[in-house]
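# Following is a predicted model, sequence given first.
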Amino acid sequence: MSEVPEVLARYLGLPDKLDVEVDRPLPGGSVADLVVRAGERMFVCEVKSSARSGAVAHAALQARRQAAEIGAFPLVVVPYMGAAGAEACRDLDVGYIDLSGNAHIEVPGVHVHVEGKPNLFVARGRPSSPFASRSSRITRALLADLSRTWTQNELAAAVDLDPGFTSRIVRRLEDEAFITREGGRVRVLAPARLVDAWAEDYEPAKERADVERILTASTIDEMFAATPSLIGLNPPKRVRKPLSRLYGEVLQLSGHCAATGTTACQAMLGLPVTAPSLFVVEKPVAFKIADLYGWSEAPLSEAAILIELARDTGVFYATKRCEPLPTLLPCVSWPEAYVQAKNELAPGPELAAALLAKELAMLQRDAAGGDQVMADDDEPE
């Protein structure tokens, strides 16, 4: 973080010593990582240690909101800015600098664009968690079709991951006895234990708030207070089918949109879908829907619809249409709906449990008494 003022000053052609505030409280209750005064301009900087495109997109949303509170320009700072992260920043009109030498700053009187510098912070070694955003693609695919067995190459191709990376994740899952290998093919050993382990380590929930605040939250606004990647929306007046309208307009902006969490659980269980309905979108540009199509942003507890930015495009694996929702609007896969709902307020956890019970019952019925996948009470101690 200490390098940021110097790098920014160099790009703006200003003296090295800029006025810098670290962890500055803002009027809306959040805290800015850095607020930098550069001559007549002020920048709110969201600093992230991760170069993942999902982390970058969330940082851009946070910087955009915080900058608007104090009339500043938003800026994202990361070790290295990849192409997808750069696109997310441009979509949201947010500048960026990275510590590898790339930058894009476009404010009145200043245009800086540097690209093509190599990543100086390439991570080596084993993935930190088998349930991190990209890594969880493996678990999601394994759980989405519990009756299937996979070769590692089939799994890698299905979820668009490198075979070597896939091999390391599979080995981690195997070491934890979540999956087993037979004749060169892998399958889930105990689905309930695997999906619960994923739910406990679910990245969006960890980014949202600390566990204590989630447990003590009494309203959706309290629970999601620290989530810049979630907005509440109310439809334009006189719209008769807001969910269909939302789906069509988000598709034009974002590419993918699907019901998730409690909303998806309700749809998959054949229950009425209650407000607020939660949807996950592929690209941060979908957050401009209020500006472009007349939707109005609202406090989360007063919104009819919530949209959340996907941490990874893997969340759209095995989406399917569910009857209670409009014809064209899909739901995420059942394991994705489960881990999201289990980390929401009531009735999310109860609906997640019901969905898991339904999936396990279907599996046992299809297996007709076979021993391919164990139920919880059959697991070895």
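Yep, it's here.

# going forward, measure contacts and count neighbours with C-alpha atoms only.
OK.

# what bridges to residue 305?
residue 233, residue 277 (DSSP bridges).

# ok, how many other residues are close to it?
Residue 305 has 23 neighbouring residues, counting by other Cα atoms under 10 Å.

# Local confidence estimate at it?
Residue-level confidence at residue 305 comes out at 90, pLDDT.

# who's in contact with it?
Contact partners of residue 305, counting by Cα atoms under 8 Å, 6 or more residues apart in numbering, are 232-234, 275-279.

# can you rerun that using 6 Å?
Contacts for residue 305 (Cα atoms under 6 Å, 6 or more residues apart in numbering) come out as 232-233, 276-277.

# List just the nearest of those to residue 156.
Nearest to residue 156 out of the contacts of residue 305 is residue 277 (Cα to Cα; 32.4 Å).

# distance of the closest one from residue 198?
Counting by Cα to Cα, to the nearest Å, the separation of residue 277 from residue 198 is 23 Å.

# The most centrally placed residue in the chain in helix, strand or coil?
For the chain, the residue nearest the mean C-alpha position is residue 311 (2.5 Å; Cα atoms, centre = their mean). The assignment at residue 311 comes out as coil when based on DSSP: H, G, I helix; E, B strand; the rest coil.

# contact partners of whichever helix in the chain runs longest?
When secondary structure is assigned using DSSP state H, the longest helix within the chain turns out to be helix 348-367. If you take Cα under 6 Å, 6+ apart as the criterion, helix 348-367 is touched by 262, 338, 341-342.

# Repeat the analysis, applying 8 Å as the threshold.
When contacts are taken as Cα under 8 Å, 6+ apart, the neighbours of helix 348-367 outside the stretch itself are 146-147, 192, 261-262, 265-266, 268-269, 334, 337-339, 341-343, 370, 375.

# before we move on, what about stretch 314-328?
134, 137, 140-141, 144, 159, 243-244, 256, 258, 267-268, 270-273, 329-333, 336.

# low-scoring stretches of this structure, by residue?
By pLDDT under 70, the weakly predicted segments of the chain are 1-2, 16, 51, 53-54, 123-128, 203-228, 326-327, 367-381.

# before we move on, the earlier item: could you pick out which of the contacts of stretch 314-328 are located in strands?
Secondary-structure check on these using DSSP state E: residues within strands are 258, 330-331.
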